[in-house]
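Engineer: Could you work out the structure for the sequence below:
(one chain, ligands or ions: 2)
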Amino acid sequence: MTVEPTDSTSNSAQGNPDSTLASRISPSTSSHPPPSKADPTTNAGQGRKPSTSASSSSQQPDLKIIKARLHRALRQYPDFPSPGIIFEDILPIFADPELHGLLLEALELQVVSSFGEANKPDVVVGLEARGFLFGPSLALRLGASFVPVRKQGKLPGPTETASYKKEYGEDFFQMQKDAINSGQKVLIVDDIIATGGSAAAAGSLVHQLGGSLIGYIFILELDFLKGRAKLNAPAHTLLTGQEK
Ligand SMILES: O=P(O)(O)OC[C@H]1O[C@H](OP(=O)(O)OP(=O)(O)O)[C@H](O)[C@@H]1O
Ligand SMILES: Nc1ncnc2[nH]cnc12
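Structural biologist: Ligands and ions are numbered 1, 2, ... in the order given. Next up is the predicted model:
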């Protein structure tokens with residue numbers, strides 16, 4: 001089982017190299033060189049809407065180094081929370097202030113290069129619970145609102161509900177009915193896309209509330225589960241991994 005840092009920043013004309021990154025990060029010691037295969041971290045060509053990403057060759061070196069460092073921080077736990085699941089633990093990233101900061105810089109760069117300066121979201125929607133770890137910080141950096149998708153029974157007032165299945169269970173997601181104004185541009189963020197059930201349910205809630213879903217950003221994609229095929233908007237991830 002491996003987790004590889006991969007390349008999903010692509011629109012070289014839009015992604016201005018951030019020189020502050022180069023000065024802040026340590027020299028790369030990555031044992032995981034960039035893959036030569038086509039970029040698996042966008043859904044160009046396989047989703048119902050094309051991704052805005054182009055090839056991996058235009059990715060900024062700084063972002064590649066950051067991705068390799070983020071990748072090395074992940075921990076894997078076999079048979080958690082149930083037999084056969086290899087659980088990807090992202091929490092070490094948040095335990096290290098430097099990595100935490102680099103994660104947010106990488107996510108912001110990814111959003112701008114994937115969706116364009118002119119198409120920044122009005123609202124960042126984060127999924128309970130791990131989407132809450134970085135969704136609000138990313139929203140602040142983008143000058144956007146943050147709105148949570150919560151598990152059933154946690155939100156007061158009128159709500160919309162969507163059921164979903166994920167890699168290891170079933171659940172219900174809810175959003176407050178007035179959380180998004182009609183036509184607002186929405187970006188959905190979460191730590192991991194596995195089967196895509198959670199993300200697809202969140203997309204359906206955004207649609208029910210009248211939002212315009214510009215796409216999804218994830219830290220990690222378990223690409224063997226092909227979750228992005230369930231999504232109706234472009235999806236971009238910083239890392240991809242787990243081969244079965
Ligand atoms: O693509 P999927 O198969 O739907 O799985 C991905 C979802 O599973 C995890 O959340 P989980 O429901 O375990 O909740 P947590 O964040 O509260 O731990 C993860 O944070 C994603 O939200
Ligand atoms: N393998 C996995 N590791 C961590 N979170 C997950 N959510 C769904 N599948 C997961």
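Engineer: quick check: longest helix of this structure.
Structural biologist: helix 97-115 (DSSP state H).
Engineer: mind listing what's buried in that helix?
Structural biologist: By 16 or more other C-beta atoms under 10 Å, the buried positions in helix 97-115 come out as 99, 102-103, 105-115. (Each C-beta comes from the backbone N, C-alpha and C, glycine too.)
Engineer: Also stretch 156-172?
Structural biologist: Residues Thr159, Glu160, Ala162, Tyr164, Lys166, Glu167 are the ones in stretch 156-172 that count as buried (16+ other C-beta under 10 Å).
Engineer: do the same with stretch 116-136
Structural biologist: 120-128, 130-136.
Engineer: I'd like the distance from that stretch to the chain centre, please.
Structural biologist: Relative to the mean C-alpha coordinate of its chain, stretch 116-136 is positioned 9 Å out (C-alpha atoms, centre = their mean, to the nearest Å).
Engineer: So for that stretch, first residue to last residue, what's the gap.
Structural biologist: Length of stretch 116-136, first residue to last, C-alpha to C-alpha, to the nearest Å: 20 Å.
Engineer: and what of stretch 76-85?
Structural biologist: Termini of stretch 76-85 sit 10 Å apart (C-alpha to C-alpha).
Engineer: Is that stretch positioned near ligand 1?
Structural biologist: No - judged by C-beta under 6 Å from any ligand atom, stretch 76-85 and ligand 1 are separated, with a smallest distance of 7.7 Å.
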